[in-house]
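>>> sharing a sequence plus its predicted fold:
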Amino acid sequence: MNAAVIVTGSEILSGRRQDLLIQPLTALLVSRGVSMNEIRVVGDDPAVLIETILELQARVEIIVVTGGLGLTPDDTTHAAVRTLQERAHAIRNPDLRNPVGSAPGVDLSFVSGARAVFFPGVPAEALAMFGEVADSLNGGASPTVEIAVFGLREAEIAGRLGDLAPLCGYLPRDMEVALIAPADREGEIRGILGEHALQGRDLNATVGALLRERGLSCAAAESCTGGLIAHLMTGLSGSSAYFLGSVVSYSNGVKSGVLGVPADLIARHGAVSREVARAMLLGVLRLTGADVAMATTGIAGPAGGTQAKPVGTVWIAAGSRESSVVREFRFPFDRERNKMIFAKTALFLLRACIRDSGIHRV
């Protein structure tokens with residue numbers, strides 16, 4: 001079974017907006033055993049959309065169209081659909097449910113046997129709707145499962161999976177990868193990816209579940225992440241059961257005055273150092289009474305780097321008073337992505353520390 005994706009939007013062609021749907025849609029199609037023939041980006045012109053669909057329906061079985069679909073009768077897609085019904089005798093099937101928005105999707109069947117499904121251009125709506133109909137596009141495909149992966153890029157995941165790689169779809173999500181994999185190969189894939197394959201829907205949910213399971217309370221001392229760890233952890237409903245709080249010790253004065261990091265320690269080793277990261281960890285554990293904690297101190301950029309400590313350098317400490325780990329990492333991203341990878345690496349390090357050390361509440 002083969003497919004094509006059509007993205008409509010003059011603002012994409014002009015460079016005013018970036019497409020956010022091509023990669024996730026194609027990844028989901030591939031994971032369901034559908035071969036991708038081509039991807040087209042066209043402007044908001046019903047005539048162009050009609051001719052593109054008529055051309056493609058003669059040689060592909062599935063056409064996925066996004067953009068130009070709204071609630072008003074004069075929207076680009078509705079005009080094209082009416083013409084396709086008249087000109088190509090396309091049959092309009094029941095509308096596709098929109099679980100997160102107002103505009104339903106359109107489902108057309110052609111005499112050639114091709115099927116065209118139309119979704120809004122809003123990524124959250126299109127992906128939620130596509131998830132509901134994806135399994136019906138290729139009835140012979142094996143069921144799939146989503147595995148959250150952290151610490152490996154898409155190419156690295158594919159390299160480790162080898163012959164299994166073409167059976168999977170790869171969706172990047174905030175420095176993680178959602179791997180869409182055959183359900184009957186999940187155990188094998190998890191075995192190959194090891195600690196990088198997470199148990200929850202993402203890294204934050206995985207760490208939250210581990211803290212609940214072990215009965216542990218958690219806190220954070222954040223410098224370069226500026227409260228992002230706290231933001232991630234409190235994004236989960238019920239996180240108050242295990243997350244106590246975070247100290248954003250951005251200045252050296254707060255590191256010393258609130259967390260108790262000795263000023264001479266900062267002077268000797270610098271704020272971005274193993275010694276300061278560990279002192280921040282011990283300080284927030286003492287201050288909050290948490291069972292475990294994380295501490296981050298680094299250089300998110302774009303300024304502030306040196307030859308010895310370039311932009312992207314971060315020291316992360318994680319663990320308890322009795323058992324902790326402190327590690328240096330260097331990442332190549334811009335400020336926003338560096339902050340996210342710093343925060344998530346802290347979560348990943350805490351997970352490893354808890355599991356490897358067997359930390360639990362007595």
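Nice, thanks for sending it over.
>>> mind jotting down where the helices sit in the protein?
With helices called from DSSP state H, the chain shows them at 10-13, 22-31, 46-57, 76-87, 123-137, 154-161, 186-193, 203-214, 228-233, 252-257, 263-269, 274-288, 335-357.
>>> give the other helices and strands that the fifth one contacts.
Secondary structure elements in contact with helix 123-137, counted by 3 or more Cβ pairs under 8 Å, 6 or more residues apart in numbering; DSSP states H and E, are helix 22-31, strand 62-66, strand 115-119. From N, CA and C alone the C-beta is placed, and that goes for glycine too.
>>> what do you get for the longest one?
Other elements packing on helix 335-357 under the criterion 3+ Cβ pairs under 8 Å, 6+ apart are helix 203-214, strand 218-222, helix 228-233, strand 292-298, strand 313-319, strand 324-330.
>>> and the ones you listed as JSON lines, adding distance to residue 245 and mean neighbour count?
JSON lines is the format used below for the helices and strands packed on helix 335-357 (distance: least, Cβ to Cβ, whole Å; neighbours: other Cβ atoms under 10 Å):
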{"stretch": "helix 203-214", "distance to residue 245": "14", "mean neighbour count": "20"}
{"stretch": "strand 218-222", "distance to residue 245": "6", "mean neighbour count": "28"}
{"stretch": "helix 228-233", "distance to residue 245": "7", "mean neighbour count": "22"}
{"stretch": "strand 292-298", "distance to residue 245": "10", "mean neighbour count": "30"}
{"stretch": "strand 313-319", "distance to residue 245": "16", "mean neighbour count": "27"}
{"stretch": "strand 324-330", "distance to residue 245": "19", "mean neighbour count": "16"}
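>>> how about the ones you listed in TSV, adding distance to residue 191 and mean pLDDT?
Formatted as TSV, the entries for the helices and strands packed on helix 335-357 read as follows, by distance: least, Cβ to Cβ, whole Å; pLDDT from 0 to 100:
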stretch	distance to residue 191	mean pLDDT
helix 203-214	17	97
strand 218-222	29	98
helix 228-233	28	98
strand 292-298	27	98
strand 313-319	25	98
strand 324-330	24	97
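>>> which one, of those, ends up nearest to residue 242?
Closest approach to residue 242 among the helices and strands packed on helix 335-357 is made by helix 203-214 (4.1 Å; Cβ to Cβ).
>>> could you export that closest one as CSV, CA atoms only?
Below are the C-alpha coordinates for helix 203-214, written out as CSV (Å, rounded to 0.1, in the frame of the first residue of the first chain):
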residue,chain,number,x,y,z
LEU,A,203,10.6,11.0,30.4
ASN,A,204,8.7,13.1,32.9
ALA,A,205,5.9,10.6,33.3
THR,A,206,8.4,7.8,33.6
VAL,A,207,10.3,9.5,36.5
GLY,A,208,7.1,10.5,38.2
ALA,A,209,5.8,6.9,38.2
LEU,A,210,9.2,5.7,39.5
LEU,A,211,9.0,8.2,42.4
ARG,A,212,5.5,7.1,43.2
GLU,A,213,6.5,3.4,43.1
ARG,A,214,9.4,4.0,45.4
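>>> who does it touch, helix- and strand-wise?
For helix 203-214, the packing partners by 3+ Cβ pairs under 8 Å, 6+ apart come out as strand 144-150, helix 228-233, helix 335-357.
>>> from residue 39, how far off is residue 124?
The gap separating residue 124 from residue 39 is 21 Å, by Cβ to Cβ, to the nearest Å.
>>> so those two - more neighbours on which side?
More neighbours surround residue 39 than the other of residue 124 and residue 39, with 16 against 11 (other Cβ atoms under 10 Å).
>>> quick check: closest non-adjacent residue to the more buried one.
residue 5 (4.8 Å; Cβ to Cβ, 6 or more residues apart in numbering).
>>> likewise for residue 128?
Residue nearest to residue 128 in three dimensions, not counting chain neighbours: residue 100, with 4.7 Å by Cβ to Cβ, 6+ apart.
>>> pLDDT weak spots in this protein?
Flagging of the chain using pLDDT under 70 yields the residue ranges 70-75, 362.
>>> number of nearby residues for the residue nearest to residue 11 when sequence neighbours are not counted?
Closest residue to residue 11 apart from its sequence neighbours, by Cβ to Cβ, 6+ apart: residue 17 at 4.3 Å. Residues within reach of residue 17, counting by other Cβ under 10 Å, total 12.
>>> look up how far residue 8 lies from residue 17.
Distance from residue 17 to residue 8, counting by Cβ to Cβ: 12 Å.
>>> out of the helices and strands packed on helix 203-214, nearest to residue 132?
Taking Cβ to Cβ, strand 144-150 is the member of the helices and strands packed on helix 203-214 nearest to residue 132, at 13.7 Å.
>>> what's in contact with the closest one?
Applying Cβ atoms under 8 Å, 6 or more residues apart in numbering, the contact partners of strand 144-150 are 31-32, 157, 175-183, 186, 189-190, 193, 196-198, 200-203, 206, 344, 348.
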